[in-house]
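K.L.:
A predicted structure for the sequence below; I have some questions about it.
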Amino acid sequence: MKRLFLASFLLLAACGTPQEQCISINTRDLQVVDRLIRESESNIARGYAIETETVYEPDWIDCTPMPTAARPKPVRRMCYDQVPVTVRREVAIDLNAEAAKLQSLKAKRASLAAAAEGVIAACRTKYPE
């Protein structure tokens, strides 16, 4: 799942203008902190966190061999294999610790935003639209 997300993110990043790509690459830490702030705010609002985990469950999959010149229509075969499944579950959290974490993240965001202003200005100068 992470590979799919990363591939789609890279594909979308490639579609942006050079200025947008420059800003996105150079403000990645700020984007991560923003995501963590949203997650922490949601956890506090709900009163619990949600964890995701990949587990492997047995399932039947199609393992028919690819057609070849010698065998253009291979016989269909099913195999028993482990298939990754993403599981979401609720987890209890310490709301006071989560609030402290949120406050810390907001302070970090302020310092990252201040540092990003110069980088964004440089990207806009280097790649005017």
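P.N.:
Noted; the coordinates are in hand.
K.L.:
How is this protein partitioned into domains?
P.N.:
16-47+93-129, 51-92 (automatic domain parsing).
K.L.:
quick one: Pro112 from Tyr127, how far?
P.N.:
One correction, residue 112 is Leu, not Pro. 21 Å (CB to CB, to the nearest Å). Placement of C-beta: from N, CA and C, glycine included.
K.L.:
got it, and Glu39?
P.N.:
Between Glu39 and Tyr127 the distance is 31 Å, computed by CB to CB.
K.L.:
try Pro65
P.N.:
Using CB to CB, we find Pro65 at a distance of 50 Å from Tyr127.
K.L.:
hmm, back to that, give me whichever of the domains of the chain is most buried.
P.N.:
Each of those was assessed for mean neighbour count using mean count of other CB atoms under 10 Å. The highest is domain 16-47+93-129, with a mean of 14.
K.L.:
Give me the distance from that domain to the chain's centre.
P.N.:
For domain 16-47+93-129, the gap between its own C-alpha mean and the chain's C-alpha mean amounts to 14 Å (CA atoms, centre = their mean, to the nearest Å).
K.L.:
For Asp34, which residues are in contact?
P.N.:
For Asp34, the set of contacting residues under the criterion of CB atoms under 8 Å, 6 or more residues apart in numbering consists of Arg109.
K.L.:
meant to ask about Cys123
P.N.:
For Cys123, the set of contacting residues under the criterion of CB under 8 Å, 6+ apart consists of 19, 22-23, 26.
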